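Visitor: What would the 3D arrangement of this be:
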Amino acid sequence: MKFLLGGIAVIVLGVGVMFLIMNNGAAKTNPFPDFNVMPPLPENETVAAGGKDKSSGFGSDRVNQGQEAKPVPFDGKRAMRYLQSICDLGPRISGSAAMRKQQQLIKKHFEEFGAKITYQAFEAEQNSVRGKVEMTNIIVSFQPEKKRRVIICSHYDTRPIADQEPDPRDWKKPFVSANDGGSGVALMMEMGNHMKGLKTNVGVDFVIFDGEEYIFRPDGANRDRYFIGSEHFAQTWRQTKDRVDYSAAILLDMIAGNKLRLPVEINSHRRYPKLCEEVWGVARELNAKAFKWERGHEVQDDHIELQKVGIPAIDIIDFDYDHWHRLSDTPANCSAASFEQVAGVLSVWLQRTK
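Guide: Next up is the predicted model:
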């Protein structure tokens, strides 16, 4: 899945100070001017304002600044029940029977709310596995007639190996990946109850990626491919002549842990700082304390594939979740309150974006 680009080293040379992030000996310059704290959000505004972001081409003219908006009455307990129903299917590995059951569950759920459901089916090959595996991205569209749209996305497959367990003998034991893979889908399922009444200027696509976790050999020169589903989605969108206009995308990953902490992911801020300011600005306005306007980890995740094709995309991720890729990643270590914080921020942002 996601892999961290390393720890942090501080080098002092004379009066100059430079912060580096190390990954297998490769240095990355720190894009933020302070070690722990991000540049402050604008004091008098709840979202980004003023001019274009020259580094990313992403302009603040795409948000209705200060527009009156309230969080939807998101039911965190119901989201937890959705999460439990997903986990009751067991491991949802790409191409498995449990994955097909999950696809049916998702399709039936969103059809009840009148959403347009599109299966983006394809076959993929993995470096360490012989033969092709069936994969399916699911696109859940609200107001599908609108050409200008935004994406809320997450993956829904589970990793075949629990490779963060300290004892390798536990790696092949089944684990349900509640927060890592289940939580994003459960949040979208609960949001489905509120989308019909949500007044937005843009159409909204919930995009659920397959193949993010289909990893058997995570390291080495011939390591397995990451982010297969998001790559397929992004390349398909790019090659479509009459494609929709995606003004932004927000990736949800491990957003329901009971110790939720959401600093700003570095690749998100590096490419689309204004979008980060919008989202974390709404969080500050709502007093959503899990969102920290601080420098987080540098993470490779599904948002990178969207960025590659020009879709402004950021990652909301709790990479310090204690149970990542462990057998203990169960609903018991997730929280209704965490769901509610994230959903509140997303629902206000969706009402303001354009």
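Visitor: can you pull the buried residues of stretch 209-221?
Guide: Phe209, Asp210, Gly211, Glu212, Glu213, Tyr214, Ile215 (16 or more other CB atoms under 10 Å). Every C-beta, even on glycine, is put in place using the N, C-alpha and C of the backbone.
Visitor: Am I right that Val348 sits in a strand?
Guide: No - using DSSP: H, G, I helix; E, B strand; the rest coil, the secondary structure at Val348 is helix, not a strand.
Visitor: who touches it in this structure?
Guide: Residues counted as contacts of Val348 (CB atoms under 8 Å, 6 or more residues apart in numbering) are Ala69, Lys70, Pro71, Val282, Glu285, Leu286.
Visitor: my read: the first one touches Gln351, true?
Guide: Yes - Ala69 sits in contact with Gln351 when judged by CB atoms under 8 Å, with a separation of 3.8 Å.
Visitor: Just give me the neighbour total for the closest residue to His194 other than its chain neighbours.
Guide: Of all residues not flanking His194 in the chain, Val72 sits nearest, at 4.0 Å (CB to CB, 6 or more residues apart in numbering). Residue neighbour count, defined by other CB atoms under 10 Å, stands at 20 for Val72.
Visitor: Distance check, Val72 against Phe110.
Guide: 16 Å (CB to CB, to the nearest Å).
Visitor: Next: Glu231.
Guide: 24 Å.
Visitor: Next: Pro166.
Guide: For Pro166, the distance to Phe110 (CB to CB) stands at 39 Å.
Visitor: Which strands or helices does the host helix or strand of Cys153 pack on?
Guide: Under the criterion of DSSP states H and E, Cys153 resides in strand 148-155. Strand 148-155 sits against helix 183-191, strand 203-209, helix 228-239, strand 245-253, helix 302-308, helix 336-352, with contacts defined as 3 or more CB pairs under 8 Å, 6 or more residues apart in numbering; DSSP states H and E.
Visitor: Helices of the stretch 51-200 of the chain, residue ranges please.
Guide: 76-87, 97-111, 183-191 (DSSP state H, counting those that start in this stretch).
Visitor: Now do the first one, average pLDDT.
Guide: Taken as a whole, helix 76-87 has an average pLDDT of 98.
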